[in-house]
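Q: 3D, please:
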Amino acid sequence: MQFKHFIEEKLLVVELTEEIDHHSSELIRTRMDYEIGRFMPKKVVMDLDRVSFMDSAAIGLIIGRYKTAKMYGGELEIQNVSPKLKRILDMSGIDKIIDVKEVSNISKIG
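A: All right, here's what the predicted structure looks like:
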């Protein structure tokens, strides 16, 4: 997991990797909550480009980070979603409350 913060744009980008399941979601939640509270960004972007699997714990993780970002006056966006993950997000209804983009408009973390 990588974090990138753009001060002038009040943007926090979180690149997630591999699987988001019950075991990894707790670590991700802790790190993201810390970074959101620390920087209070106007936008939090979850980049799922390198995520190969997600289960129901990932859905809970995403909804929780959406609420955390809102609490600090920001918004959450999901980018680089594969067709497989997009189906999961669509079935969960997340796409109704969170902006889900199949392609990123944020430059990659080097």
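
Q: C-alpha only now, for contacts and for neighbours.
A: Noted.

Q: what are the contacting residues of the longest helix anywhere in the chain?
A: Longest helix in the chain, counting residues (DSSP state H): helix 22-39. Residues from elsewhere that reach helix 22-39, judged by CA atoms under 8 Å, 6 or more residues apart in numbering: 1, 5, 10, 12, 14, 44, 55, 57-58, 61, 65, 68-69, 72.

Q: just the helices from the protein, written as ranges.
A: Under DSSP H, the chain gives helices at 22-39, 56-71, 83-92.

Q: pLDDT wise, what is V103 at?
A: What the model reports for V103 is a pLDDT of 80.

Q: what count of nearby residues applies to S92?
A: Using other CA atoms under 10 Å, S92 is surrounded by 12 other residues.

Q: mind listing what it touches?
A: Shown in contact with S92 (CA under 8 Å, 6+ apart): I59.

Q: and the helix or strand of the chain with the lowest mean pLDDT, how far out from the chain's middle?
A: Least confident helix or strand of the chain, by mean pLDDT, DSSP states H and E, is strand 2-6 with a mean of 76. Chain-centre distance of strand 2-6: 12 Å, with CA atoms, centre = their mean, to the nearest Å.
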